[in-house]
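Trainee: output the structure for:
(2 chains)
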Protein chains: 2
Amino acid sequence: MSEILVVGSVGYDSISTPSGHKDGIIGGSANYFSLGASKYSKVNVVGVVGDDYKDADKELLTSRGIDLKGLQQMPGETFKWSGKYENDMNEAITLETHLNVFEKFNPIIPESYRDSKYVFLANIDPVLQKEVLTQVNNPKLTGLDTMNFWIQSKKEDLVSMIKSVDVLLINEGEARELTGKYNGIAAIKDLLALGPKAVVMKRGEYGFVLYCENKYFILPAFPIDNVVDPTGAGDTFAGGFFGYLSKIDDELGFEHYKQACVHGCLLASFTVQDFGIQPLLDLSWTDLEKRQSEYRSVIQ
Amino acid sequence: MSEILVVGSVGYDSISTPSGHKDGIIGGSANYFSLGASKYSKVNVVGVVGDDYKDADKELLTSRGIDLKGLQQMPGETFKWSGKYENDMNEAITLETHLNVFEKFNPIIPESYRDSKYVFLANIDPVLQKEVLTQVNNPKLTGLDTMNFWIQSKKEDLVSMIKSVDVLLINEGEARELTGKYNGIAAIKDLLALGPKAVVMKRGEYGFVLYCENKYFILPAFPIDNVVDPTGAGDTFAGGFFGYLSKIDDELGFEHYKQACVHGCLLASFTVQDFGIQPLLDLSWTDLEKRQSEYRSVIQ
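Mentor: Residues are numbered from 1 along each chain as shown, chains lettered A, B, ... in the order given. The predicted structure is shown next:
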């Protein structure tokens, strides 16, 4: 088992879905990622919150062994996102994004984090992702996610970041937006050509495509007939992906990436079953193992 | 091996996709289905064409052992459909549907067809599907497909037909339209509740969901980075599904349906690679076996 470092957003979300509405619940890519990855390994979080971020919300993470030494608290408001889902649960409609303290954020990686072998640059400003990457010592695996907000506002910085990581994890809609290719399979090839060794395209209810070493690995999602809130599913996927790889901490390549995708996909299948991070807080290894076995019977 | 009877449309299509435009090419659900199914078994076609339907277009089918005794030729124009695909190749946008001779069609099943053990009611007016079903003697397996046109115009007849078949094959968009459930997994349960023993939901580039005996079988499509024309992919899927089952002609149930879905899915992956029926005409067993082996490596 090796340690994982994640930099990403930590904030409060307001979310409307056909199942209901929640205001000001814990969200952010780093929260979902670390709750997912912490099922497997120790996670070190880099991020920033404002002075309105509640101690109890930090304790939810630290009680699960997640290290928040790198989570700065700055004067001002915490990052806030509000969005809604209509029928298509694969597509979040952003209503408002308030970067708040993220606008002045200068990531400083604590000394004890710098040797983390697994580094995930979750969805934040690609300029900040770069600052983090330059401060870590020779990681074994680096990965990156992004979203339409950065594709539209900082495409050049983003493309340069994609070049410098091992694995790009991206959802299908964003892969389309970034490449201009509607066909996901065509888009994934263009993304690989940007430089990473592997691309994982997340397809929501349709699962994922892994493309690496000229090979595909494609599977559907676990069937869920009541998706309550898909927010954070992609970050949870990444958490399971990195969590699995850091836990086995073996030589990296296609075969391990395949298993890592399955872990990410199954972990994410829990996230969508209720609002926010709640399903990840409740999740036990027994639940996960049960679902693994159910999933096997669905795809075999 | 047992014989398959299919009733469906036989006509001419005009199709625009991002890859180009084709005018007046051979189309119709029965054509795609029978070209697919004939790779496995003898297929008997019931349908109607007008006096403008070319003999050469019939010969394309008869030269592959497809029996057209049940294909009536009536005065008037052949069924014509025109449609386009924009970016989303999973969704055909119908421009025009001219039923033409189908409006006066009265299906008569030739004596030699009546003992066909496998009966597929491809996408045509559900009233005509019913007339066909009443003329066959105790089939071993019946299946049905439909499309938005009939969901909108003859929903009651359609629902009554769904009750009376063993397997409903339907694409995801139409499953949503018919059930009012956007979530495909929720929709499939509602469809099963209508009466069939199994439901196969076709998801285009995302593959399929089989639901039967309270069990799911879900797989993605074979990855194709250049989908030229998806028309007929669903009918080809049904052709592979029925073709496989009739060829093995074993006791029916979940395990065989799973294999049948894989055959349907792979056969359909060829159909989308060029306009119209051309890929099915060119397809050899060697091509199909090669793709089966490639597919295994993608999903395993």
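Trainee: what sits against the most centrally placed residue in chain A?
Mentor: The residue lying closest to the centre of chain A (CA atoms, centre = their mean) is residue A:235, at 2.2 Å. Residues near residue A:235 by CB atoms under 8 Å, 6 or more residues apart in numbering or on different chains: A:8, A:29-33, A:36, A:122-123, A:145. C-betas here are computed from N, CA, C, even on glycine.
Trainee: contact residues of the stretch 51-200 of chain A facing chain B?
Mentor: A:87-89, A:182-186, A:189 (CB under 8 Å from any CB of the partner chain).
Trainee: doesn't residue A:275 lie inside a helix?
Mentor: No: under DSSP: H, G, I helix; E, B strand; the rest coil, residue A:275 sits outside any helix and is assigned coil.
Trainee: what's the closest non-adjacent residue to residue A:19?
Mentor: What sits nearest to residue A:19 in space, not counting adjacent residues and going by CB to CB, 6 or more residues apart in numbering or on different chains, is residue A:228, at 4.4 Å.
Trainee: now for the one you found, how many residues are close by?
Mentor: By the measure other CB atoms under 10 Å in any protein chain shown, the count of residues near residue A:228 is 22.
Trainee: show me the contacts for it.
Mentor: Residue A:228 neighbours (CB under 8 Å, 6+ apart): A:17, A:19-20, A:272-275.
Trainee: longest helix anywhere in chain A?
Mentor: Looking across chain A with DSSP state H, the single longest helix is helix A:254-271.
Trainee: that one near chain B at all?
Mentor: No: Helix A:254-271 is not in contact with chain B by CB under 8 Å from any CB; minimum separation 8.8 Å.
Trainee: and that helix, how far out from the chain's middle?
Mentor: Offset of helix A:254-271 from its chain centre (CA atoms, centre = their mean, to the nearest Å): 12 Å.
Trainee: which residues of the stretch 201-300 of chain A fall in strands?
Mentor: A:208-212, A:215-219 (DSSP state E, counting those that start in this stretch).
Trainee: for the ones you listed, which one sits closest to residue A:252?
Mentor: strand A:208-212 (9.9 Å; CB to CB).
Trainee: can you list the strands that the closest one pairs with?
Mentor: strand A:198-202 (antiparallel), strand A:215-219 (antiparallel) (DSSP bridges).
Trainee: angle of it against helix A:254-271?
Mentor: 160 degrees (axes from the mean of the first three to the mean of the last three CA atoms, to 10 degrees).
Trainee: which residues sit against strand A:208-212?
Mentor: A:184-185, A:188-189, A:192, A:197-203, A:216-219, A:221, A:237, A:253-254, A:257-258, A:261, A:264-265, B:220, B:223.
Trainee: let's see that with 6 Å instead.
Mentor: A:188, A:192, A:198-202, A:217-218, A:254, A:257, A:261, A:265 (CB atoms under 6 Å, 6 or more residues apart in numbering or on different chains).
Trainee: could you dump those residues into CSV with distance to residue A:57 added?
Mentor: What follows is those, written out as CSV (distance: CB to CB, whole Å):
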residue, distance to residue A:57
A:188, 36
A:192, 37
A:198, 33
A:199, 33
A:200, 29
A:201, 31
A:202, 26
A:217, 36
A:218, 37
A:254, 38
A:257, 32
A:261, 30
A:265, 27
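Trainee: what residue of chain A is the furthest out?
Mentor: Outermost residue of chain A (CA atoms, centre = their mean): residue A:300, 27.3 Å.
Trainee: gap between that one and residue A:270?
Mentor: Separation of residue A:300 from residue A:270 (CB to CB, to the nearest Å) stands at 21 Å.
Trainee: quick one: neighbours of the closest residue to residue A:206 other than its chain neighbours, just the number.
Mentor: Using CB to CB, 6+ apart and skipping residues adjacent in sequence, the residue nearest residue A:206 is residue B:206, 4.1 Å away. The tally of other residues near residue B:206 (other CB under 10 Å) stands at 25.
Trainee: and the pLDDT at residue B:206?
Mentor: We have a pLDDT of 96 for residue B:206.
Trainee: with residue A:270 instead?
Mentor: So residue A:270 comes in at 98 (pLDDT).
Trainee: what pLDDT, on average, does stretch A:40-52 get?
Mentor: Here the average pLDDT along stretch A:40-52 is 97.
Trainee: buried stuff in that stretch?
Mentor: Residues A:40-50 are the ones in stretch A:40-52 that count as buried (16 or more other CB atoms under 10 Å in any protein chain shown).
Trainee: need the three-state assignment for the nearest residue to residue A:74 once chain neighbours are set aside.
Mentor: Excluding the flanking residues, the one nearest residue A:74 by CB to CB, 6+ apart is residue A:101, at 4.6 Å. With three-state DSSP as the basis, residue A:101 sits in helix.
Trainee: and if you look at residue A:192?
Mentor: Applying three-state DSSP: residue A:192 is helix.
Trainee: if I pick the closest residue to it other than its chain neighbours, what's in contact with it?
Mentor: Nearest residue to residue A:192, sequence neighbours excluded (CB to CB, 6+ apart): residue A:199, at 5.1 Å. Neighbouring residues of residue A:199 by CB under 6 Å, 6+ apart: A:168, A:188, A:191-192, A:211.
Trainee: show me which of these is closest to residue B:110.
Mentor: Distance to residue B:110 across the contacts of residue A:199 (CB to CB) is lowest for residue A:188, with 49.2 Å.
Trainee: using PDB, write out the CA atom coordinates for stretch A:69-76.
Mentor: Taking Å, rounded to 0.1, in the frame of the first residue of the first chain, the C-alpha atoms of stretch A:69-76 are listed here in PDB:
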ATOM      1  CA  LYS A  69      -2.800  18.700   6.600                       C
ATOM      2  CA  GLY A  70      -2.700  20.100   3.100                       C
ATOM      3  CA  LEU A  71      -6.200  21.500   3.300                       C
ATOM      4  CA  GLN A  72      -5.700  25.300   3.800                       C
ATOM      5  CA  GLN A  73      -8.300  27.400   5.400                       C
ATOM      6  CA  MET A  74      -8.400  31.000   4.100                       C
ATOM      7  CA  PRO A  75     -10.400  34.000   4.900                       C
ATOM      8  CA  GLY A  76     -13.400  34.200   2.600                       C
END
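Trainee: list of residues touching it?
Mentor: By CB under 6 Å, 6+ apart, stretch A:69-76 touches A:45-51, A:100-101, A:110, A:113.
Trainee: in that stretch, what counts as buried?
Mentor: Buried positions in stretch A:69-76, judged by neighbour count with 16+ other CB under 10 Å: A:70-74.
Trainee: ok, back up a step: export the contacts of stretch A:69-76 as TSV, with columns for secondary structure.
Mentor: Shown next, in TSV, are the contacts of stretch A:69-76 (three-state DSSP):
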residue	secondary structure
A:45	strand
A:46	strand
A:47	strand
A:48	strand
A:49	strand
A:50	coil
A:51	coil
A:100	helix
A:101	helix
A:110	coil
A:113	helix
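Trainee: need these in JSON lines (columns: distance to residue A:63).
Mentor: Output for the contacts of stretch A:69-76, formatted as JSON lines (distance: CB to CB, whole Å):
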{"residue": "A:45", "distance to residue A:63": "14"}
{"residue": "A:46", "distance to residue A:63": "19"}
{"residue": "A:47", "distance to residue A:63": "18"}
{"residue": "A:48", "distance to residue A:63": "21"}
{"residue": "A:49", "distance to residue A:63": "17"}
{"residue": "A:50", "distance to residue A:63": "22"}
{"residue": "A:51", "distance to residue A:63": "22"}
{"residue": "A:100", "distance to residue A:63": "26"}
{"residue": "A:101", "distance to residue A:63": "24"}
{"residue": "A:110", "distance to residue A:63": "20"}
{"residue": "A:113", "distance to residue A:63": "20"}
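Trainee: wait, a helix at residue A:34?
Mentor: Yes: under three-state DSSP, residue A:34 sits within a helix.
Trainee: identify the residues contacting the residue in the stretch 1-150 of chain A positioned nearest to chain B.
Mentor: Per CB to the nearest CB, residue A:87 is where the stretch 1-150 of chain A lies closest to chain B, at 4.0 Å. Residues in contact with residue A:87 (CB under 6 Å, 6+ apart) are residue B:182.
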